[in-house]
Each structure stands twice: as structure tokens, then as C-alpha cells.
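> sequence and predicted structure, then a few things I'm wondering about:
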Amino acid sequence: MLNDSPDRQTKQMLITFQEYNHLPVTGELDNKTVKLMNTPRCGMQDKPTPHGMPLAFSGGIITHAWYPPDGRLHFDDAEAWDVGGNGANLFPICAHAIGHILGLGHSNVPGSMMYPWDPATGNPAATLSPDDLAGIQSSFGPEVPTTTQLL
Ligand SMILES: [Zn+2]
């Protein structure tokens, strides 16, 4: 929108951000919006890129994941990884990254595995939400029973 003023463009970007992230839509930089913007976020781009990501770990980035067909996954060995302690929580971060290498993008559903905001603490048990299941089943098909029921 070439004729839009910077204030109007900023307001529209805030509205888009708030709608996408299920925040109250005010178009203002209010407390809930600022809080979410300051929450650690997965650095993976929301759309697959043909060249993956840079290899250096910097700016709070602690994993690199590549969408299919590449599928590489790197963890920063300088990070203090642990499970449920004070370090980087391995299970939810790993599960989120594996979602990316399986082809899942980010979800805007809070609490889902693929929600990009603070995957280490937002879903510490690394459980799959209905949104995660729908995402993976849209790529790989519905769950197939592993046992056969005899009539
Ligand atoms: Zn991510």
C-alpha cells in the first residue's frame, strides 16, 4: 500500500500479528503483544526456503532444521541441554525441530508442538496437539492401526 502512512502500516502489521497469534486485536503495541514479541521464538522461517539456514549458531538460535527433502538437524553443542532442568529443554525443542524436518511449518495454535513461541517451555511435555496431528496427517495420511481386529 504505497499511500499508507507508516503509522497505518504499523497498525495493520500489529493487527495481522495479533489476529495470527490469537491476541486481542487492538492494532496497538499493548502489553500482551509486547510480551509475546519478547518471548523466545523458533528461528525457523515460516516458509521453507530452498537454501536452508545459515550454519552459525547465533542470536539465541540453538538448533537448525531443514525442511524435506534435506532433513538435516543440528543442535548447538555449546548449549546446556537437559531434560526438565535449568538448561535448554531437549524434548520439546527436539520434537519441534523434528516436526520441521518432517515438513511441518509453524502453527498459530498456542500449546501445539509447532507453535514457534518458546517451544522449550510452552509445551514442556512435548505432547502432540490436535493441530499437530492434523498437520502431520495432512502430509503422511491418517493413523494406520498396528493391530488387526478379528471378527
Ligand atoms: Zn520452528
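Structure's in. What do you need? Here the structure is a predicted model, which is why all the values come from computation and not from measurement.

> okay, CA-based contacts and neighbour counts for the rest of this
Will do.

> wouldn't residue 21 be in contact with residue 107 here?
No: the pair residue 21 and residue 107 fails to qualify as a contact (Cα atoms under 8 Å) at a distance of 9.2 Å.

> assign residue 43 to helix, strand or coil.
Here residue 43 is coil, with the state taken from DSSP: H, G, I helix; E, B strand; the rest coil.

> and it, how far is that from the ion?
Using Cα to the ion, to the nearest Å, one obtains 6 Å as the distance from residue 43 to the ion.

> can you tell me which residues contact the residue nearest to residue 109 when sequence neighbours are not counted?
Residue nearest to residue 109 in three dimensions, not counting chain neighbours: residue 115, with 6.1 Å by Cα to Cα, 6 or more residues apart in numbering. When contacts are counted by Cα atoms under 8 Å, 6 or more residues apart in numbering, residue 115 is found next to 106, 107, 108, 109.

> pull the contacting residues for the residue nearest the centre of the chain.
What sits nearest the mean C-alpha location of the chain, by Cα atoms, centre = their mean, is residue 116, with 2.5 Å. With contacts taken as Cα under 8 Å, 6+ apart, residue 116 has the following neighbours: 41, 42, 106, 107, 108.

> which of those ranks first by neighbour count?
Ranked by neighbour count (other Cα atoms under 10 Å), these have residue 42 at the top, with 23 neighbours.

> so what's that one closest to, chain neighbours aside?
The shortest distance from residue 42 to any residue other than its chain neighbours is 5.0 Å, reached at residue 116 (Cα to Cα, 6+ apart).

> distance of residue 65 from residue 94?
Here the criterion is Cα to Cα, to the nearest Å. By it, residue 65 lies 10 Å from residue 94.

> for residue 19, same thing?
Relative to residue 94, residue 19 is positioned 28 Å away (criterion: Cα to Cα).

> likewise residue 103?
14 Å.

> what of residue 68?
The spacing between residue 68 and residue 94, counted by Cα to Cα, is 16 Å.

> swap in residue 86?
Counting by Cα to Cα, the separation of residue 86 from residue 94 is 16 Å.

> the more surrounded of those two?
Residue environment comparison for residue 86 versus residue 94 gives the larger neighbour count to residue 94, 19 against 9, counting by other Cα under 10 Å.
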